[in-house]
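A.B. asks: My questions concern the predicted model and sequence given below.
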Amino acid sequence: MDLILWRHAEAEDGAPDLERKLTSKGVKQAEKTAAFLRQHMPRDARILVSPATRTLQTVAALTDHFTLAPTIGPGASAHAILQAARWPDAGGTVLVVGHQPTLGEVAAQLLGSDDYSLSLKKGALWWFSYREREEQPQVTLRLVISPEFL
């Protein structure tokens with residue numbers, strides 16, 4: 001199974017949290033990252049998106065075929081993200097469009113630590129793979145990239 005964590009692109013300040021919209025820079029970030037995903041992500045990937053306006057605008061740069069997942073909204077736990085994605089048993093590829101600090105907590109947990117969180121830059125992707133080899137589970141970090149490198 002592959003799990004791709006996509007933090008929403010840059011959003012405006014000042015509005016109620018769920019209503020914050022992308023800035024013009026954020027729209028460009030989302031477009032760059034979406035172009036990368038169109039080239040590299042399997043077409044049959046399952047896409048889970050937080051109900052916040054900024055995540056909906058971020059994923060809109062990629063597709064309008066996704067599942068709205070209220071359980072992964074702002075303030076969700078890492079456990080809620082992994083449960084929604086059905087990690088590691090779902091098979092295939094799952095893209096989660098969400099928020100900090102939760103995505104950083106998921107990344108840290110997948111890398112073997114429950115003691116700290118990692119910081120995912122706005123608009124960045126973290127791509128993990130899970131497999132079993134010789135009956136041992138293995139998690140591989142395949143990619144970390146932020147929009148300014150695309």
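C.D. replies: On my side now, so go ahead. Numbering: from 1, shown residues only.
A.B. asks: can you give me the offset of the one helix or strand residue 106 maps to from its chain's centre?
C.D. replies: Residue 106 is part of helix 102-110, with elements assigned from DSSP states H and E. Computed by C-alpha atoms, centre = their mean, to the nearest Å, the chain-centroid distance of helix 102-110 equals 10 Å.
A.B. asks: Which other helices and strands does that helix contact?
C.D. replies: Of the remaining helices and strands, those touching helix 102-110 by 3 or more C-beta pairs under 8 Å, 6 or more residues apart in numbering; DSSP states H and E are strand 2-7, helix 78-85, strand 125-133. Heads up, the C-betas are built off the backbone N, CA and C, glycines and all.
A.B. asks: one more time with 10 Å
C.D. replies: strand 2-7, helix 78-85, strand 93-98, strand 125-133, strand 136-145 (3 or more C-beta pairs under 10 Å, 6 or more residues apart in numbering; DSSP states H and E).
A.B. asks: CSV for those, including mean pLDDT?
C.D. replies: Formatted as CSV, those follow (pLDDT from 0 to 100):
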stretch, mean pLDDT
strand 2-7, 98
helix 78-85, 98
strand 93-98, 98
strand 125-133, 95
strand 136-145, 95
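A.B. asks: In contact with residue 137, which residues are there?
C.D. replies: By C-beta atoms under 10 Å, 6 or more residues apart in numbering, the contact list for residue 137 reads 88, 130, 131.
A.B. asks: hmm, back to that, and the helices and strands packed on helix 102-110 as a markdown table, adding distance to residue 27?
C.D. replies: Below are the helices and strands packed on helix 102-110 laid out as a markdown table (distance: least, C-beta to C-beta, whole Å):
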| stretch | distance to residue 27 |
| --- | --- |
| strand 2-7 | 15 |
| helix 78-85 | 25 |
| strand 93-98 | 15 |
| strand 125-133 | 17 |
| strand 136-145 | 18 |
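A.B. asks: Among the ones you listed, which comes closest to residue 55?
C.D. replies: Minimum separation from residue 55 across the helices and strands packed on helix 102-110 (C-beta to C-beta) falls at strand 93-98, 4.8 Å.
A.B. asks: Next, the angle from that closest one to strand 125-133.
C.D. replies: Between strand 93-98 and strand 125-133, the angle comes out at 140 degrees (axes from the mean of the first three to the mean of the last three C-alpha atoms, to 10 degrees).
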